[in-house]
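Student: Got a sequence here, can you model it:
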Amino acid sequence: MTENTVLKDDFIRTFSEGAGEPKAFTDLRIANWKSAGELSLPFVDKTKIDRWNFTKFDTYQAFENGITDEGLADKVASLVDLDNKEANFYVQVDTHPAKLQLSAELKAQGVIFSDIFTALKEHEELVMKYFMTQAVQSDEHKLTAFHAALVNGGAFLYVPKNVEIKEPIQAVFVQKDASLPLVNHVLLIADDNSSVTYVENYVTLDEDSKGVVNVIEEVIANRGAKITFGAVDNLSSHVTTYMNRRGHIGADSRIEWALGLMNDGDTINENVTNLMGDGSSGDVKTVTVGRGKQTQNVTTRVTHYGEASTGTILSHGVMKDKATTIFNGIGHIKHGASKSDAQQESRVLMLSPSARGDANPILLIDENDVVAGHAASVGRVDPVQLFYLMSRGISRSEAERLVIHGFLDPVVKQLPIEGVKVMLKEVIEGKVR
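Tutor: Numbering: from 1, shown residues only. Here you go, the predicted model:
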């Protein structure tokens, strides 16, 4: 790669070995740095990304070990219940861990929750077993290889067999200096017959600097496990983001996604759920609001490999100003996945004649004896709904606001942490005004 001449193989080896990373991880970094220079950007349907900046930056900061326990900006502190000694959370500021708390009860049950580099040192075999080996492969394209080479942040969560965590576990990733590239990896594993709710936020405090964010999140549900995954992304208009969240679901297991995609900059959002085992299921709910001149591509794919697997996709988007968002919803039933059910719905609400929103539902069926369906629409606020509200004394602007909030509510109400739910509502409110 020629974009960042300071990052040679010896540079990567030096910071990796200096941080005490296992030799296997150092070698993985160097091999993928070479691959990143040879591989192409990913194919993104209906969006040209060849001129987007995903890999160029002036300064690289490796992960810095050690919890700083620093004070948090109000915007961040409002998301986390810092005074609750039983709450479970991790807060990362740029590339260093600021806060970490895991209850004694969960520790006693064998739950592991830390930054990903501490987990790599203390649980090398477990991390390396899953890191970019099952859900995401590092050699898929330039951005996955780039990620494996330069990952400088992230979290690791492991829930042992038969452990059911009742309270949500939370992670907050904060960009305080957006000029530093954030290459963040989240690895979440729910072992057999376990359950967990995980909620995360991506927040930018620096609204002025141009930046690059590359995030890969691998969410793995082994046999009989259940994962509820909630997220709110809120990065600034000057940040170009590649966001790849991927679920790998075993037999009789389930992942439920509730994703608030609220970045203001150009963003590739890729959410893939692979239903690997018989009786597995995945439910994906996403909402996004596009504004300004930003371009987004939101691709949601559920692929059925196991028999009697069930996948549902619900995507709602609101477009205003000159924003463009492409919604690609893909349900794919592979040969052998008989008795499976693939359903999807994409709805786009247009608030401006200059905005563009495309909903592209796709069903790929390679098996008989299955059920599949899709629905899609792009349109303006329903005048009948506006008339009904206005006839009861509500102003037109307030009526429109209420319709929009109701349109996006299917995801908002799924978030289990009140502070995160309030934040998403406030972000939506600010965007649609």
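
Student: can you pull out the helices in the chain?
Tutor: 9-18, 23-36, 74-77, 104-108, 116-122, 124-130, 142-150, 383-390, 396-412, 418-432 (DSSP state H).

Student: closest to Ser195 out of these?
Tutor: Closest to Ser195 of these, according to Cβ to Cβ: helix 104-108, at 12.8 Å. In short, each C-beta sits where N, CA and C put it, glycine included.

Student: center of this structure, which residue is that?
Tutor: Arg245 (4.6 Å; Cα atoms, centre = their mean).

Student: Tell me who's in contact with Thr26.
Tutor: Ile12, Arg13, Ser16, Glu17 (Cβ atoms under 8 Å, 6 or more residues apart in numbering).

Student: of those, closest to Met319?
Tutor: Nearest to Met319 among these, with distances taken as Cβ to Cβ, is Ile12, at 40.4 Å.

Student: Next, count neighbours for the closest one.
Tutor: 19 (other Cβ atoms under 10 Å).

Student: For it, which non-adjacent residue is closest in space?
Tutor: With sequence-adjacent residues excluded and distances taken as Cβ to Cβ, 6 or more residues apart in numbering, Ile12 is closest to Arg29, at 5.2 Å.

Student: What's the per-residue pLDDT of that neighbour here?
Tutor: With respect to pLDDT, Arg29 has a value of 97.

Student: residues in contact with it?
Tutor: Ile12, Arg13, Ser16, Glu21, Ala148, Ala149, Leu150, Val151.

Student: Tabulate these (JSON lines), appending pLDDT.
Tutor: Shown next, in JSON lines, are the contacts of Arg29 (pLDDT from 0 to 100):
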{"residue": "Ile12", "pLDDT": "93"}
{"residue": "Arg13", "pLDDT": "93"}
{"residue": "Ser16", "pLDDT": "95"}
{"residue": "Glu21", "pLDDT": "97"}
{"residue": "Ala148", "pLDDT": "98"}
{"residue": "Ala149", "pLDDT": "97"}
{"residue": "Leu150", "pLDDT": "97"}
{"residue": "Val151", "pLDDT": "98"}
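
Student: Buried by neighbour count, from those: which ones?
Tutor: Buried members of the contacts of Arg29, scored by 16 or more other Cβ atoms under 10 Å, are Ile12, Ser16, Glu21, Ala148, Ala149, Leu150, Val151.

Student: Of those, which is the nearest to Leu275?
Tutor: Nearest member of the buried ones among the contacts of Arg29 to Leu275, counting by Cβ to Cβ, is Ala148, at 25.1 Å.

Student: so the closest one makes contact with Met132?
Tutor: Yes: the criterion here is Cβ atoms under 8 Å, and Ala148 meets it with Met132 at 5.8 Å.

Student: list residues touching both of the two?
Tutor: Contacts common to Ala148 and Met132, judged by Cβ under 8 Å, 6+ apart, are Ser138.

Student: I'd guessed Phe57 sits against Val183; true?
Tutor: No: counting by Cβ under 8 Å, Phe57 does not reach Val183; the two are 10.1 Å apart.

Student: Look at the two and report which has more neighbours.
Tutor: The neighbour count for Phe57 versus Val183, taken as other Cβ under 10 Å, is higher for Val183 (25 against 18).

Student: quick one: contacts for the more buried one?
Tutor: With Cβ under 8 Å, 6+ apart, Val183 has these contacts: Phe146, His147, Leu150, Val151, Asn152, Gly153, Val213, Asn214, Val215.

Student: By neighbours, which of the residues you listed wins?
Tutor: Phe146 (27 neighbours).

Student: ok, now how distant is it from Lys56?
Tutor: From Phe146 across to Lys56, the span is 11 Å (Cβ to Cβ, to the nearest Å).

Student: just Asp69 next, same as before
Tutor: In terms of Cβ to Cβ, Asp69 sits 34 Å off from Lys56.

Student: More neighbours: which of those two?
Tutor: Legend: neighbour count by other Cβ under 10 Å for Asp69 and Lys56, higher for Lys56 (13 against 10).

Student: And the more buried one, how far from Lys210?
Tutor: For Lys56, the distance to Lys210 - Cβ to Cβ - is 10 Å.

Student: What mean pLDDT does stretch 293-307 get?
Tutor: 98.

Student: Only the buried residues of it, if you could.
Tutor: 294-307.

Student: In TSV: these, plus distance to Val381.
Tutor: Output for the buried residues of stretch 293-307, formatted as TSV (distance: Cβ to Cβ, whole Å):
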residue	distance to Val381
Gln294	21
Thr295	23
Gln296	20
Asn297	24
Val298	21
Thr299	26
Thr300	24
Arg301	29
Val302	29
Thr303	34
His304	35
Tyr305	40
Gly306	40
Glu307	42
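
Student: Return the member of those residues nearest to Val44.
Tutor: For the buried residues of stretch 293-307, the nearest to Val44 is Asn297 (5.1 Å; Cβ to Cβ).

Student: Bridged to that closest one, which residues?
Tutor: Ile268, Ile326 (DSSP bridges).

Student: Isn't it up against Lys48?
Tutor: No: in this structure Asn297 lies outside contact range of Lys48 using Cβ under 8 Å: 9.9 Å.

Student: before we move on, back to that, quick one: the residue nearest to the centre of the chain from Glu207, how far?
Tutor: 25 Å.
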